[in-house]
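In: A structural model of the following input is requested.
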Amino acid sequence: MSDRLTFTLHELLAEIDAFADTALQQGYGVTYNHFQFLAVLYDAEPADMTTLAHCLGVTKAAVSKRVPALVADGWITATSQPGAGRSILLSLTPKSTALVHDAGAVLDEAFAEMLTHPALADDPIDAPRLNAQLVALTAFIRGQPRPTHQENRA
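Out: As a prediction, this is how the structure comes out:
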């Protein structure tokens, strides 16, 4: 573990992702990456590929590459928008909506249980407060201008 906040946050996210990946593969036969794609679409649907890419923090090409397999496997639908050029709206199928609800609840419960584990009793974590703080921090950081290459000089 590091004493640097950015490294600690990165380590925490990597551990959360790995835990979620294992739980989802064992319980539902899907990876965390697959679940995250569907969960983000759930919050944004119907969404075009550009919007979904922005929400996922990936390129439009990365989303476009995954869509055919997800459609073929019955996870999402892709519908052309009339009069909108080549714009395609993506939506969840009932199968993926059920996965997001069920697996999402299981993951939330598992993480909430971790936050109240007796090993953390000496410094209890207030889950609602932590979530509110992380939401506020995320929104704040999103609103900050990104440094240019010159501003990154040490």
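
In: Spatially central residue in this protein, please.
Out: Centrality entry for the chain: nearest residue to the mean C-alpha point is Gln36, 4.4 Å, by Cα atoms, centre = their mean.

In: From the structure, what's the count of residues near the residue nearest to Ala103 when sequence neighbours are not counted?
Out: Spatial nearest neighbour of Ala103, chain neighbours left out: Tyr28 (5.2 Å); criterion: Cβ to Cβ, 6 or more residues apart in numbering. (C-beta placed from N, C-alpha, C; glycine too.) Tyr28 has 14 neighbouring residues, counting by other Cβ atoms under 10 Å.

In: Apart from its chain neighbours, what residue comes closest to the residue nearest to the centre of the chain?
Out: Leu56 (7.3 Å).

In: how far away is the one you found from Ala119?
Out: Distance check for Leu56 against Ala119: by Cβ to Cβ, to the nearest Å, it reads 33 Å.

In: what's in contact with the helix of greatest length in the chain?
Out: Criterion DSSP state H: the longest helix present in the chain is helix 5-28. The contact list for helix 5-28, computed with Cβ atoms under 8 Å, 6 or more residues apart in numbering, reads 1-2, 30-35, 99, 102-103, 106-107, 110-111.
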